[in-house]
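S.K.: coords below, sequence missing:
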């Protein structure tokens, strides 16, 4: 089964400042929960570009260390980009990020389309574990971005 996770967040920051933050691959460390023990394993440039491959490792409590390779693509400067898994724990992972101006600063939209491996067993694992884990990861990200940009006000 293919799943979709959607999030929207309003931040008190101009779209170009939010874009500047999100376009720097090392900032993934700032918005990833410490319990994932996120580690970028490849060298990354100061700013992302179409075709950039980022290799990283996360350590999930139940599943152990997972290596991921994602490609940054479909960049519309200052507006949107995609990170798509090339190798990793999901059968499909396609994460669309969009930033738009908002009367209070910016609105950020995340849409993640994903599928787990192992067919019906993957669907059971999704219901029991993965769905909650992804919610916790995106909740952390929401709070981290809010703290980062609300403090800058």
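M.R.: Received it, and whenever you're ready, just let me know what you need. What you see is a predicted model; the values in this text were computed from it and never measured.
S.K.: make it CA atoms for all contacts and neighbour counts henceforth
M.R.: Will do.
S.K.: what bridges to residue 65?
M.R.: Residues in a beta bridge with residue 65, per DSSP bridges, are residue 59.
S.K.: wait, isn't it in contact with residue 39?
M.R.: No: with contact defined as C-alpha atoms under 8 Å, residue 65 and residue 39 do not form a contacting pair (10.5 Å).
S.K.: Show me whatever sits in contact with both of the two.
M.R.: 57, 58 (C-alpha atoms under 8 Å, 6 or more residues apart in numbering).
S.K.: Please enumerate residues in contact with the helix ranked longest in the chain?
M.R.: Looking across the chain with DSSP state H, the single longest helix is helix 131-151. Residues from elsewhere that reach helix 131-151, judged by C-alpha under 8 Å, 6+ apart: 9, 11, 12, 13, 30, 31, 32, 33.
S.K.: Any quick ChimeraX command for the buried ones out of those?
M.R.: Buried subset of these, written as a ChimeraX selection, criterion 16 or more other C-alpha atoms under 10 Å:
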select :11,12,13,31,32,33
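S.K.: any chance of the contacts of helix 131-151 in TSV, plus distance to residue 113, secondary structure and pLDDT?
M.R.: Output for the contacts of helix 131-151, formatted as TSV (distance: C-alpha to C-alpha, whole Å; DSSP: H, G, I helix; E, B strand; the rest coil; pLDDT from 0 to 100):
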residue	distance to residue 113	secondary structure	pLDDT
9	18	strand	98
11	23	strand	97
12	27	coil	97
13	27	coil	97
30	23	helix	95
31	20	helix	97
32	19	coil	96
33	20	coil	96
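S.K.: Closest one of the contacts of helix 131-151 to residue 55?
M.R.: Nearest to residue 55 among the contacts of helix 131-151, counting by C-alpha to C-alpha, is residue 32 at 14.9 Å.
S.K.: What sits closest to the closest one if chain neighbours are left out?
M.R.: Nearest non-adjacent residue to residue 32, counting by C-alpha to C-alpha, 6 or more residues apart in numbering: residue 141, 6.2 Å away.
S.K.: Give me the distance between the one you found and residue 20.
M.R.: 17 Å (C-alpha to C-alpha, to the nearest Å).
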